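Novice: with the sequence up front, the predicted model follows.
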Amino acid sequence: MYLKNTWYVACMPDELEGKPLGRQVCGEKIVFFRGPDGQVAAVEDFCPHRGAPLSLGFMRDGHLVCGYHGLTIGGDGRCASMPGLRIDGVSAIRRVPEIRRFPVIERYGFVWVWTGDVELADPGKLHHLAWAEDANWAYGGGLYHVNCDYRLMIDNLMDLTHETYVHASSIGQPEIEDAAPTTRVDGDHVITSRFMENIKPPPFWATALRGNGLADDVPCDRWQICRFTPPSHVMIDVGVAHAGHGGFDADPQHRAGSIVVDFITPESDTSIWYFWGMARNFKPEDTELTARIREGQAKIFSEDLEILEAQQRNLLANPGRKILNLNIDAGGVRSRRILERLLEDEQRERAALRETQETSDA
Amino acid sequence: MYLKNTWYVACMPDELEGKPLGRQVCGEKIVFFRGPDGQVAAVEDFCPHRGAPLSLGFMRDGHLVCGYHGLTIGGDGRCASMPGLRIDGVSAIRRVPEIRRFPVIERYGFVWVWTGDVELADPGKLHHLAWAEDANWAYGGGLYHVNCDYRLMIDNLMDLTHETYVHASSIGQPEIEDAAPTTRVDGDHVITSRFMENIKPPPFWATALRGNGLADDVPCDRWQICRFTPPSHVMIDVGVAHAGHGGFDADPQHRAGSIVVDFITPESDTSIWYFWGMARNFKPEDTELTARIREGQAKIFSEDLEILEAQQRNLLANPGRKILNLNIDAGGVRSRRILERLLEDEQRERAALRETQETSDA
Amino acid sequence: MYLKNTWYVACMPDELEGKPLGRQVCGEKIVFFRGPDGQVAAVEDFCPHRGAPLSLGFMRDGHLVCGYHGLTIGGDGRCASMPGLRIDGVSAIRRVPEIRRFPVIERYGFVWVWTGDVELADPGKLHHLAWAEDANWAYGGGLYHVNCDYRLMIDNLMDLTHETYVHASSIGQPEIEDAAPTTRVDGDHVITSRFMENIKPPPFWATALRGNGLADDVPCDRWQICRFTPPSHVMIDVGVAHAGHGGFDADPQHRAGSIVVDFITPESDTSIWYFWGMARNFKPEDTELTARIREGQAKIFSEDLEILEAQQRNLLANPGRKILNLNIDAGGVRSRRILERLLEDEQRERAALRETQETSDA
C-alpha cells in the first residue's frame, strides 16, 4: 500500500557510472542508465527479445546493450538497433515491442522515478530540497536495503524515543524519554518536535561540537524536529546549542546542527531502499568531515535494521493484530493517516484517468 | 499433531544467563527470561507497543525491557513501566494490552513450558526424573535443532537398530541386528528392550569400561532399554557388563551403564528442539569425564540429523505414502498409538473446557 | 512440459564409483547405483521401510544398503534382505512393498534413464553417437546444474549469436552477427548453420589451430552447425579452416574442428542437469589436451549460467508475456515446435497404453 503517482528516490548518480543499474521500485523491475545525451533513463528490466534482464547488459556509446544477444534499447523503451535483427529476412526493428519507460528526473544529487501513470508525471511535484542547491551546505549519505514495510521506517524516524534503546552508544540518552514530543499536522506534513534543555551532549554531538570548535563539556539544549512529507520523506532538524543561547534558534557560533535526510523507497510491500544521509551548513568544503560523519551515521543507522526486520516478521506472523498508538507514536500515526487519504485520492485520480482514456479510445 | 496440554523442555538455565531467550515451542513464539525474583517467566515474543520481538531486548533490574522503545514487561504479560508512556497526555500503562503468558517450571536442570490451556497447567504432571535429584548421579547434555516431525525422532530412539548403520564407528555393531528387540506397553509407557550376550564392546563402551577401571577386552553383555513417556521423552538404559555377571542387573563393579536422556520439543510440525544428554551414576563428581562424555555423545547424536532431515523431506514429497512397520519399529509404532489416544483425550478435554467457559461467561 | 518416454542422460559413470547417486530427473527422485553384475540400476530414492533416501546409503557386495536401518534393495526395486526384518516375528521380506524402478542403459560413456512408461522403454530409441564408439575420437566434458527451463538452454545453443556478447573473450566475435544463420528442419531434427569467411580466428580457435600445428595468424573460414535432436540434445559442429580450403569440408591438414556435445536433462520445470562436452577427431590419444580443452570449455560454458537463470526468473515474473522470435531464433523456435508435436504424440500414446491396460485388467 504505497503511492505510485509520486516521485521516489531510485538511486544515486554514482550507481550509474559506466553501467546500467537494475533496481525494483514499487514492485516494478526497472533498469536505470545514462543515455547518449547524459540524461538518466529508466525502462523495464526485461529485454523484448528473449526476456533477459537488461541490467545484465552494458553501455556502448551511450546505448544500453542487452548482454545476451546485443539488442539495444533507448530511454524511450524502443529498440534502437540490433545486429542480425531480422524476421523472415526483413529488418524487424519496428516489430520489436516497446517496453515500458518510467519518467525520471535527476536533481539534488539523486535520481527520482515515477512508477505510476506516465500521463500524470509532473516534475513540479518533486520534493524541493533547498539545502541541496545551496553552496553553504554539504551532504553525505548512503543506501540500505531493509526487509520491512516502508511505514515501519516512517514510524521509526517520526519517533526518536528509540534512540535511547537502539542507539544507546551514540545519539541515545535517557533525557529523550523525559522530554515529551509534540506533534502537529500542517496540510500533508507532520512535524514532531522534541526539545531537551540543559543536558549533556551524547557522544555523536560532543564530537560535532568539537568539530565546530565549540566546548563539548558544557550543558546544552538539544532539538529533534522530524518533518514527514509524502510519499515517504522524513527530514529531521537535529542538533545541540550551548544552553541558554536559544537552542534551535541560537546563533551559529553557539550551535552544531544538521538535517538528517531520509528517503524511503518501497521495493515491495515488505522491503525498502532506504536512502539516508546528513546535510549540514557548517564547514561545507571539508570533504574529510563529510566522510567521517557519513561513516558514523552509517554505523548508527545500521543499528535499526535488525529490529525493523524482526518487527516486520513478527507483524506478518500476527496478521490483523493491533499495535498500540502512544503519544510518542503520534508522528507515525498522523503520517499514516495522511498516506491513507492520499492513497484514496490516488485511486480516484487513476479511476478518472482510466475513464477519460476509455472515452477517448471509443 | 503434538500435545499442547503437557510440559515440554523449553531451554536450559544457562541459556537465560543475563539475557532473554526467544524460542518457538509448539508453534508459539515465546520469550523466556528470569524475573526479579529469579523465577523464570515466559510470555509471547511480541511487544504490545509496536510488535517488535521482546527477545531482542535486554534485562534491567530483573525486568525485561523491549529493545526498541523501552516498554517493560513482567512475567504476567503486563506492561510494568514505560518511559513516555502516554496516550493523549495521560499515563496509559493500563491501556497496554496484556500479552499471553505461558506457565513455566524450572526443575531437574531444565526449564519446562506449558503451551496449552493455562487453566489446565498442573505442575504435578511434570515428568519425574529421580536421577536429577540424586547426588550419586551426574548429567551432561546439549541441544540440537532438527528439521523433522518430533515423531520421527521418537521412532529413531525407540529403534536402535539404526546404530549399526548411522553410528557404525562408535556405538553400532552387527550384533544389534541379531538380537531381536521386545516391546511392551505399560499404561502410557512403551518399553523396547534388546539384550546382546557375549559380545565385544563397541568403541564407546570400551572407553566407558576403561573409565570405570574395568577390562575392555573381555566378552560383555550389552543392554538397551528404551522407555517412551508422553509427550515425547525417551530415556534409554544403556550399558555393558562383563559377561555372566547379570547384565543390566550386574553389580556396579562389573558394569558400565548410564541413561541416555532425550527430550524432544516440537518447534513446528516439521521441526524440533532436541535436548539430549546422558545421566550416569558412576564418578558423578568427575566434571572432566562429564565433559568428555558430552563431547562424544554430541558427535554421535549429530550423525542422526542428516538422515532425519532427509527422511522428513522425502515424506513431505510423498504425502500419504505408507511406510512399513516391522518388528524393529514396534517401539515407535506403539508410542504413536499412545500419542494418538492422548491427542483425542486432549481434544475432548479442551472442548469441555471451552463449554464450561462459555457457560460461566453467559 | 518435457517428454517422459525418451532417454535422457542421467549421470556419468564416474559419479557411481563405489557409492549410490541420488538425482532428480523429470521430477522423479531417483537413486542410481551399480548392481552386483556391474549393471547400472535406478530405483526410487525412497526406502520402503521408513522413507529415508536410499542415496544416503552405501554399496555392500554390489547391493544398495539403506543407511538408516540396513534394508537392501535390488535393481528391480525389491527388498533383497534386511537384518531383523520381521513383522510379528515372521520374516517379512515379501511384505516390503516394491519401489519403482527406472529403465537405464549405460552407453557411449553416459548413463541414460527412461522416466516414462516402463512398457514403452525401447533401447533402440537411444540417440546414436558414432564418435563415442570410434577410436579416432576423444571426448571430455562436465556437468552443470542450471535453474532454467530446458528449452531456454536449447534456445541458447541453437542461436550462437549470443557468443559475441556472453563469450566475448573466447569464442565470440562481431563477425558472428554479420553472418546470417540458416535453419532447416529434417524430420524431427533442426539444423541451424552459420558460416563466416575470411575472418580472424577468435582466441579459443587460435589455440586449437596451434594445437594442431597450424598457423593461427592467417584468415580463416569458420563454421557453426547446430543440430537439435529430441528430446533435448544439441550437437554442434564447430571449427575453423585456413581460408579457401573448403571450410567445414577442408582436409584435416587445413582445419581444426570438433563437436560440441550438449545433453540437457530436465530436473524440474525450471531446472536442468546440463551435460556439456567436446568430441574431437584430432590427437585423440592426447589426454592432457583433452583436459585442457575441458577446462577451457568449462569456463566458457559457465558464462551462460547467470544470464539463463536471470532470464528464467524474469519470465516467471512476467507470466504469459510474449517474447520475440527473430530470424536468429529460428533454431530454437523450430525445435520447440517439434517438441510440442512430440508431446502431443506422447500424450496420445500414454492414453492408448492406459486404455489397453484397463482392458486387460478387466
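Specialist: Okay, I see it.
Novice: now do the lengthiest strand in chain A, average pLDDT.
Specialist: Criterion DSSP state E: the longest strand present in chain A is strand A:255-268. In this model, strand A:255-268 carries a mean pLDDT of 96.
Novice: try stretch A:237-244
Specialist: 95.
Novice: for the residue in the stretch 251-362 of chain A that chain C sits nearest to, which non-adjacent residue is closest in space?
Specialist: Residue of the stretch 251-362 of chain A nearest chain C, by CB to the nearest CB: residue A:268 (11.8 Å). All C-beta spots, glycine's among them, are computed from the backbone N, C-alpha and C. Setting aside the residues directly before and after it, residue A:268 is nearest to residue A:27 in space (CB to CB, 6 or more residues apart in numbering or on different chains), at 5.9 Å.
Novice: now the helices: where do they sit in chain A?
Specialist: A:150-158, A:163-166, A:175-178, A:203-211, A:287-317, A:330-361 (DSSP state H).
Novice: circling back: the residue nearest to residue A:268 and residue A:269, how far apart?
Specialist: 8 Å (CB to CB, to the nearest Å).
Novice: CA atoms of the longest strand of chain A as CSV?
Specialist: Extracted C-alpha coordinates of strand A:255-268, given in CSV (Å, rounded to 0.1, in the frame of the first residue of the first chain):
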residue,chain,number,x,y,z
ARG,A,255,25.4,25.6,18.0
ALA,A,256,26.1,22.4,15.9
GLY,A,257,23.2,21.2,13.9
SER,A,258,22.3,19.5,10.7
ILE,A,259,19.4,17.9,8.8
VAL,A,260,19.1,14.1,8.8
VAL,A,261,17.8,13.2,5.4
ASP,A,262,15.7,10.1,4.8
PHE,A,263,14.2,9.0,1.6
ILE,A,264,12.3,5.7,1.9
THR,A,265,11.5,4.0,-1.4
PRO,A,266,9.2,0.9,-1.4
GLU,A,267,10.8,-2.0,-3.2
SER,A,268,7.8,-4.3,-2.4
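Novice: residues in contact with the most centrally placed residue in chain A?
Specialist: The centroid of chain A falls nearest to residue A:263 when counting by CA atoms, centre = their mean (1.9 Å). Applying CB atoms under 8 Å, 6 or more residues apart in numbering or on different chains, we find residue A:263 in contact with A:8, A:9, A:110, A:232, A:233, A:274, A:275.
Novice: ok, so of these, who is nearest chain C?
Specialist: Proximity of the contacts of residue A:263 to chain C (CB to the nearest CB) peaks at residue A:8, which lies at 20.2 Å.
Novice: so what sits opposite the closest one in the bridge?
Specialist: residue A:113 (DSSP bridges).
Novice: show me the domain layout of chain A.
Specialist: If you go by automatic domain parsing, the domain ranges for chain A are A:8-124, A:130-343.
Novice: end-to-end on the last one?
Specialist: Which is domain A:130-343. Domain A:130-343 has an end-to-end distance of 27 Å (CA to CA, to the nearest Å).
Novice: can you give me how far it is from the chain middle?
Specialist: Relative to its chain's centre, domain A:130-343 lies at 13 Å (CA atoms, centre = their mean, to the nearest Å).
Novice: mark which of the contacts of residue A:263 are buried, thanks.
Specialist: In terms of neighbour count (16 or more other CB atoms under 10 Å in any protein chain shown), the buried residues within those are A:8, A:9, A:110, A:232, A:233, A:274, A:275.
Novice: not counting sequence-adjacent ones, nearest residue to the last one?
Specialist: What that stands for is residue A:275. Spatial nearest neighbour of residue A:275, excluding adjacent residues (CB to CB, 6+ apart): residue A:263 at 4.1 Å.
Novice: what bridges to the one you found?
Specialist: residue A:233, residue A:275.
Novice: run through the residues that contact the nearest residue to residue A:118 once chain neighbours are set aside.
Specialist: Leaving aside its sequence neighbours, residue A:118 sits nearest to residue A:103 (CB to CB, 6+ apart; 6.2 Å). Residues counted as contacts of residue A:103 (CB under 8 Å, 6+ apart) are A:42, A:113, A:114, A:118, A:121.
Novice: wouldn't the third one be in contact with residue A:102 here?
Specialist: Yes - counting by CB atoms under 8 Å, a contact exists between residue A:114 and residue A:102, whose distance comes to 6.3 Å.
Novice: next one: residue A:352 from residue A:100, what distance?
Specialist: Noted for residue A:352: a distance of 21 Å to residue A:100, by CB to CB.
Novice: which one's more surrounded, these two?
Specialist: Each of residue A:352 and residue A:100 has its neighbours counted (other CB atoms under 10 Å in any protein chain shown); residue A:100 has more, 13 against 10.
Novice: my guess is that one meets residue A:45, correct?
Specialist: No - using CB under 8 Å, residue A:100 is not in contact with residue A:45, being 10.2 Å away.
Novice: how many residues are close by residue A:248?
Specialist: By the criterion of other CB under 10 Å, residue A:248 has 18 neighbours.
Novice: what residues are up against the closest residue to residue A:308 other than its chain neighbours?
Specialist: Using CB to CB, 6+ apart and skipping the chain neighbours, the partner closest in space to residue A:308 is residue A:148 (4.5 Å). Residues in contact with residue A:148 (CB under 8 Å, 6+ apart) are A:270, A:271, A:272, A:308, A:309, A:311, A:312.
Novice: how many other residues sit next to the first one?
Specialist: Applying the criterion other CB under 10 Å, we find 17 residues in the vicinity of residue A:270.
Novice: now do the fifth one
Specialist: By the criterion of other CB under 10 Å, residue A:309 has 16 neighbours.
Novice: equivalent analysis for residue A:226, please.
Specialist: There are 26 residues near residue A:226, going by other CB under 10 Å.
Novice: that one and residue A:14: what is the separation?
Specialist: Distance from residue A:226 to residue A:14, by CB to CB: 28 Å.
Novice: ok, back up a step: neighbour-wise, which one of the contacts of residue A:148 leads?
Specialist: Highest neighbour count within the contacts of residue A:148: residue A:272, with 26 neighbours (other CB under 10 Å).
Novice: that one against residue A:265, yeah?
Specialist: Yes - with contact defined as CB under 8 Å, residue A:272 counts as touching residue A:265 (6.2 Å).
Novice: what parts of the stretch 101-250 of chain A come near chain B?
Specialist: Neighbours of chain B within the stretch 101-250 of chain A, by CB under 8 Å from any CB of the partner chain: A:155, A:159, A:161, A:162, A:164, A:165, A:166, A:174, A:177, A:178, A:180.
Novice: per-residue confidence at the closest residue to chain B within chain A?
Specialist: Residue nearest to chain B within chain A: residue A:177 (3.4 Å; CB to the nearest CB). Per-residue pLDDT puts residue A:177 at 78.
Novice: how close does it sit to residue A:238?
Specialist: Per CB to CB, residue A:177 is found 17 Å from residue A:238.
Novice: over to residue A:294?
Specialist: Distance, residue A:294 to residue A:238, using CB to CB: 15 Å.
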